[in-house]
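> turn this into a structure:
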Amino acid sequence: MTRTRAHGGAPNAFVAENATRRGVIPLDEVALLGVAGPQGAMRAIIRMSDGDIVTGALGERIALGELVEVSPAGVVIEMANGFAAFLRPYPWGQDRAPG
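Residues are numbered from 1 along each chain as shown. This is a model prediction of the structure:
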């Protein structure tokens, strides 16, 4: 697991523009920003509700639990209580959150 604080350094104009738009990501919730890497070695990029950015690969533990699936479709996290949570990538560029 890699944990960093979200501070600037956007890699391209699209990310820079959307990262600063108000109301795009609910800041008080956990959000899957995306996944990166080759098939079979993807890493999830997750924004925690406190603003920290956490990355992790299949089988790694993050604060929420163990990552049991990491794919372009989303991330499955097995929580300590035995339940699983599915995070789908946040819909960048859309006007409303999924619901």
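
> show the contacting residues for Arg43.
Residues near Arg43 by C-beta atoms under 8 Å, 6 or more residues apart in numbering: Val35, Ala36, Gly37, Thr55, Gly56, Ala57, Val70. Using the backbone N, CA and C atoms, a C-beta is placed for each residue, glycine as well.

> now do Gly59
Applying C-beta under 8 Å, 6+ apart, the residues near Gly59 are Glu66, Leu67, Val68.

> how about 10 Å then?
Shown in contact with Gly59 (C-beta atoms under 10 Å, 6 or more residues apart in numbering): Glu66, Leu67, Val68, Val70.

> dig out what Ala84 forms beta bridges with.
Ala84 has these beta-bridge partners by DSSP bridges: Glu78.

> now do it, the pLDDT please.
In this model, Ala84 is scored at 96, pLDDT.

> with the one 4 residues further on instead?
Confidence at Arg88, expressed as pLDDT, is 88.

> quick one: it and Gly82, what's the gap?
Distance, Arg88 to Gly82, by C-beta to C-beta, to the nearest Å: 21 Å.

> the two: which has the busier surroundings?
Using other C-beta atoms under 10 Å, the more surrounded residue of Arg88 and Gly82 is Arg88, with 11 against 7.

> the more buried one contacts Ala73, doesn't it?
Yes - using C-beta atoms under 10 Å, Arg88 is in contact with Ala73, at 7.0 Å.

> how about the strands in the chain?
Ranges of strands within the chain are 2-5, 31-36, 43-47, 52-57, 61-62, 65-71, 74-78, 84-87, based on DSSP state E.

> lowest average confidence, helix or strand, in the chain?
Of the helices and strands making up the chain, the lowest-confidence element is strand 2-5, at a mean of 47, by mean pLDDT, DSSP states H and E.
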